[in-house]
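> Could you look at this predicted model? Sequence included:
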Amino acid sequence: MKKFNIRKVLDGLTAASSSSSSSSSATAQPGTPRENDVVQETLQSEHFQLCKTVRHGFPYQPSSMAFDPVQKILAVGTQTGALRLFGRAGVECYCQHESGAAVIQLQFLINEGALVSALADDSIHLWNLRQKIPAILHSLKFNRERITYCHLPFQSKWLYIGSERGNIHIVNVESFTLSGYVIMWNKAIELSTKTHPGPVVHISDNPMDEGKLLIGFECGVVVLWDLKSKKADYRYNYDEAIHSVAWHHEGKQFVCSHSDGTLTTWNIRAPAKPAQIITPHGKQPKDGKKPEPCKPILKVEYKTTRAGDPFMVLSGGLSYDTVGRRACLTVMHGKSTAVLEMDYPIVDFLTLCETPYPNDFQEPYAVVVLLEKDLVVIDLGQIGYPIFESPYPLSIHESPVTCCEYFADCPSELIPALYSVGSRQKRQGYSKKEWPISGGNWGQGTQTYPEIIITGHADGSIKFWDASALMLQVLYKLKTAKVFERARGKEEKPSTDIVDEDPFAIQTLFWCPESRMLCVAGVSAHVIIYRFSKQEVTTEVVQLLEVRMQCEFSEGDSPDPGGEQTPTLPTPAAPSSPQEAEPLNQLTAGVNSSEGARDNIPCLQVRSSPLKQSPGYQVELVVQLVWVSGEPPQQITSLAVNSSFGLVVFGNSNGLAVVDYVQKTLLLNLGTSELYSPSDPCQRQPRSPRKPRQPSGGFCDSNDGSNNSEDRCKSPTSDGKDNAFTRSRSSSVTSIDRESREAISSFYFCESFPRKSDSLASPCLLVGTTQGSVMMVALGLQPGGDQKLQQPLSFASCGTLVQLKGGILTMALLDAAGTLLPPSCEAWYDPNASDEEKEKVRRRRPATPPSSQEGQDSQFAVLCSEKQAKVVAMPSQTIIYKHNITEASFVLRADVVQMAGTYCIACFCANGHIMSLSLPSLRPLLDINYLPLTDMRIARTFCFSNLGQALYLTSPTEIQRITYSQETCDNLQEMLSELFTPVETPEAPNRGFFKGLFGGGAQSLDREDLFGETAAGKASRSLAQHIPGPGSMEGMKGAASGVVGDLARARVALDERGQKLGELEERTAAMMASAESFSKHAHDMMVKYKDKKWYQL
């Protein structure tokens, strides 16, 4: 992987030439005459503002879940205090608790647009979901007791909170104040019990009688508490710890799940023993003994149906002899038991039912299963319990993300094209029903341009995502590992991998949206070039090119014992495709030297069998770097493709290589040091890679005095060492340092002026290195697409264009008006279409190179490194603007992006700053301390795109999108989706005539009479501290009715009441002072006159 660290002590030495340049390189000021003369800039700091937009992906480290059955919204809490809310496809929301403590439980105020969260730091919070960005209305922090369980009955404002001490406290969710009513553990259990019952693990009210509360203690004791009489009606004892409890909807029975894998069913009026004990996964002995204990059943839900048998859904409870078996969800329905294996451990599950009322037939239709790394919804209404197809982008982390690219405002036909090929990849066997989590509404944003995100993964897969309009949907998945052999036999020689695991992992990728060319580099020093086709094709033999890139020799080294080798010119009869001539196994056969060192062996074996390639991206060519004399190939650090030239260029710490992917030939293989001195063009015939020992390229001699082409183009393995090479090593300390550590870090194809004397622009390649050097290589391409295929190409290194501090991150070219000059590219055509159709489309863009009048510059080269940015006028190569971005830190990512119709540089620094600089004058427009670098994932995945968009992986499973555009920030409220939609609460179940007549229906309870301050008194002030939430005022604006409206009004009333109480307190204090004064005077009078007779007064 690319290393990001603070380094380069000799930056000052290597950058000395540029820093000591003329006054024209001084840091530009907005009023610089040059700026006014050359380009009138329109971007101002007012165009920029930074804010988060939306978070996609699976919630990292989930810990709890809740569902609103009326609003049909799902909430997921995480171990880091995050809250993710999901509705229909495209409706999702992220919020964060400030403390960062784990969310242990969530409870919706059903159909009220509010949510209660309980955290591991013993705080509870009330969230207002009626605004687009949810906010906390109230918080309550417990001081003396640890929260273990919460329960909020449907349509109640009183929240029951169970504690680790075994007590139950009651909170009014309107005012978030504690009631004086407390259920103490010692009152709930039997007086004769000598041990503490443990924490409260369950609280629920009887579905048919709100006045009866069922309390489950960890030790195995369950208590049915009468709220009115404040005593226990029944106590149910079992000698195994309880994990969960579930009611039958008629309120006459409940089920407990236990730590020994048993389920006990109890009749509420028969506490002596369970009505039934079953062990769902236990082996039943024949002699009638107790079955063998199983793993704990962590949760059970008991749901009834009007027309058939009830459903019992449970997690855990497997036999102990199922070692290594994956987590399972068990669905028991009548006499059938289905065991559904999950890919990851189960965190929680919820059964979705047709009614929110607990005292009616539940009619379950689905089960939402929250796994450690996935969310699965099971259809209970179909045979075999198929799963629903998820509309959410929860598969980002299917394999760990290793790199990321973001393309905003790309060609509009790309998303339909990718969708059409990706839709054929979808799995079959999903439920036919609609996704049941269907609440909320989409935003009404005006942002309509297409956006695509590409993620590269550790298993070699690449995913294309539609990211338009703040949504995310997978379009297409490409598996690059398919081109390699996977199985390695034990009898084979030792592995040639250069990485311990994930040999197919994507290191970097380059995508050209216009030509649809895709090029990926993997960690095993391989490059794969793909073309996009709508037709299926079977490739008999995968095209392969092996490249030998090696470190340059020091004076004590001996060259490779291969002997003198001269480049072989292809004969006219030689086939253009290397694979047509010789089979693959000959090509990849390694050559071992006398010491047994690996030589000419690639790290991966390309498959030899035919490859069926579906519509989409299809392999054009595989390029592999090979081992050289026992030294493994260096990983590829930079990559670029140009479809107009038919070239791909890649570089590493050894140098760079240029490959013609049309002819499948290696054109250039240069060591980094060979780029430094300008030389005459070195004629290079395209070479055939058929011979395994044939050198894959040569170094261009920098000796300007030598005219002998044969001497100047020697292979790295020749006996005579390259003299220029030796000279360059001894020229200065800087070059020694450069050669030992320098790698190619950036490429940019362009049409520019490689020499100061040029008046016509010609094809060039800008090359940036990790030591801050920018070199220009002139590409001697022949005009016209077809001529290029026959004519030899020439390359000339024109030496160092400019030197910057720190490694080069990005390069670009602007015209005289400050408009970006993108690399030329050809329009996309289907490579498998007929020749006639190809010819219609395959018209290369007419080259219109800008001419430069004598003494006048017509282009600006924009260069940005880890430390600074420079703008160089071309062809004069004068540094006209320079800006030092950071001194103490370094830039991790920089991109030249389009903003408000013009261009700027966007930078992300390791110290967390996000900055933007105008072009070409490099005026600072934005500098915000946003996100300090906490791990390498952010550094590896942070990327900017056009129109003020950016993203990074905030966790291994989630993408965070941000904007640095003022316009997008202003429109964000409109663009965000709405979670709450006004929906009528379903009618309560009909009690029926006889139940109403004889009192058999549900019993209601006036909880206000029991828990209110009048009846229960005030709670202890030291027990919990009330904290008003930051969203209180916003909540008032967003809430129109229901509990949230009451909450807002209660908050105002509370404030007013507090103010009046304050005034009353002051008056009382004044009255007390007055009374005390009166009392003192009265006492003095009494003392004065107490011994006097009445007539003496």
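Yep, that arrived.
> switch to C-alpha atoms for all contacts and neighbour counts from now on
Will do.
> Give me the distance from whichever strand or helix holds residue 52 to the chain's centre.
For residue 52, the host element (DSSP states H and E) is strand 48-57. Remark: strand 48-57 is offset 12 Å from the chain centroid, using CA atoms, centre = their mean, to the nearest Å.
> Quick check: mean pLDDT of that strand?
The average pLDDT for strand 48-57 rounds to 95.
> counting contacts, what elements does it pack onto?
Contact partners of strand 48-57 among helices and strands, from 3 or more CA pairs under 8 Å, 6 or more residues apart in numbering; DSSP states H and E: strand 92-96, strand 924-929, strand 958-965, helix 966-975.
> So which other helices or strands are in contact with the longest one?
Using 3+ CA pairs under 8 Å, 6+ apart as the contact definition, the elements that helix 966-975 packs against are strand 48-57.
> For the one helix or strand residue 420 maps to, buried residues please.
Residue 420 belongs to helix 414-422 when assigned by DSSP H and E. Neighbour-count burial for helix 414-422 flags 414, 415, 417, 418, 419, 420, 421, 422 (criterion: 16 or more other CA atoms under 10 Å).
> how does this protein divide into domains?
Domain ranges of the chain: 150-237, 243-342, 398-422+451-486+502-549+602-636, per the TED database.
> Using CSV, please lay out the ones you listed together with mean pLDDT.
What follows is the domains of the chain, written out as CSV (pLDDT from 0 to 100):
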stretch, mean pLDDT
domain 150-237, 92
domain 243-342, 91
domain 398-422+451-486+502-549+602-636, 94
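> do you know how far residue 869 is from residue 509?
To residue 509, residue 869 is 24 Å away according to CA to CA, to the nearest Å.
> ok, residue 499 touching residue 525?
No - between residue 499 and residue 525 there is no contact under CA atoms under 8 Å: 10.1 Å.
> who has more neighbours, these two?
Using other CA atoms under 10 Å as the criterion, residue 499 and residue 525 rank with residue 525 on top: 25 against 12.
> quick one: contacts for that one?
603, 624, 625, 633, 634, 635, 636 (CA atoms under 8 Å, 6 or more residues apart in numbering).
> Go ahead and confirm the fourth one touches residue 526.
To tie it back to what came earlier, the one meant is residue 633. No - with contact defined as CA under 8 Å, residue 633 does not count as touching residue 526 (9.6 Å).
> and for those two, which residues touch both?
Overlap of the contact sets of residue 633 and residue 526 (by CA under 8 Å, 6+ apart) consists of residue 625.
> Looking at these two now, which is surrounded by more residues?
Per other CA under 10 Å, whichever of residue 633 and residue 526 has more neighbours is residue 633, with 28 against 25.
> How about the contacts made by residue 920?
35, 39, 818, 860, 862, 871, 881, 904.
> tell me which residues of stretch 926-942 are tucked away?
926, 927, 933, 937, 938, 939, 940, 941, 942.
> Report the two of the residues you listed separated the most.
926 and 937 (24.0 Å; CA to CA).
> Backbone dihedrals for the closest residue to residue 1020 other than its chain neighbours, both of them.
Nearest residue to residue 1020, sequence neighbours excluded (CA to CA, 6 or more residues apart in numbering): residue 180, at 7.6 Å. Dihedral pair for residue 180: phi -80, psi -10, per degrees, to the nearest 10.
> my read: residue 180 touches residue 1017, true?
Yes - at 4.9 Å, residue 180 and residue 1017 qualify as touching, with contact defined as CA under 8 Å.
> Counting neighbours, go ahead and name the busier of these two.
Neighbour comparison, residue 180 and residue 1017: the larger count goes to residue 180, with 20 against 14 (by other CA under 10 Å).
> related to what we said a few turns ago, next, format the contacts of residue 525 as TSV and append secondary structure.
Shown next, in TSV, are the contacts of residue 525 (DSSP: H, G, I helix; E, B strand; the rest coil):
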residue	secondary structure
603	coil
624	strand
625	strand
633	coil
634	coil
635	coil
636	coil
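> Take those residues and lay them out in CSV including distance to residue 353.
Below are the contacts of residue 525 laid out as CSV (distance: CA to CA, whole Å):
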residue, distance to residue 353
603, 54
624, 56
625, 58
633, 59
634, 58
635, 54
636, 54
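> Can you tell me, leaving aside adjacent residues, what's nearest to residue 538?
Per CA to CA, 6+ apart, closest to residue 538 is residue 612, 4.3 Å.
> check contacts around that neighbour.
Contacts for residue 612 (CA under 8 Å, 6+ apart) come out as 536, 537, 538, 539.
> The second one reaches residue 613, doesn't it?
Looking back up the chat, that one is residue 537. Yes - the criterion here is CA under 8 Å, and residue 537 meets it with residue 613 at 5.3 Å.
> picking up where we left off before, can you pull the residues that touch both of residue 180 and residue 1017?
Residues touching both residue 180 and residue 1017 (CA under 8 Å, 6+ apart): none.
> From residue 989, how far off is residue 454?
51 Å.
> before we move on, what about residue 216?
28 Å.
> ok, now residue 259?
For residue 259, the distance to residue 989 - CA to CA - is 36 Å.
> Same question for residue 981.
23 Å.
> And for residue 636?
For residue 636, the distance to residue 989 - CA to CA - is 67 Å.
> So for the two, which residue has more residues nearby?
Using other CA under 10 Å as the criterion, residue 636 and residue 989 rank with residue 636 on top: 28 against 14.
> so what's that one up against?
Here residue 636 is in contact with 507, 521, 522, 523, 525, 526, 650, 651, 652, 653 (CA under 8 Å, 6+ apart).
> now those as JSON lines including secondary structure and distance to residue 343?
Below are the contacts of residue 636 laid out as JSON lines (DSSP: H, G, I helix; E, B strand; the rest coil; distance: CA to CA, whole Å):
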{"residue": "507", "secondary structure": "strand", "distance to residue 343": "27"}
{"residue": "521", "secondary structure": "strand", "distance to residue 343": "30"}
{"residue": "522", "secondary structure": "strand", "distance to residue 343": "27"}
{"residue": "523", "secondary structure": "coil", "distance to residue 343": "27"}
{"residue": "525", "secondary structure": "coil", "distance to residue 343": "32"}
{"residue": "526", "secondary structure": "strand", "distance to residue 343": "31"}
{"residue": "650", "secondary structure": "strand", "distance to residue 343": "39"}
{"residue": "651", "secondary structure": "strand", "distance to residue 343": "39"}
{"residue": "652", "secondary structure": "coil", "distance to residue 343": "39"}
{"residue": "653", "secondary structure": "coil", "distance to residue 343": "41"}
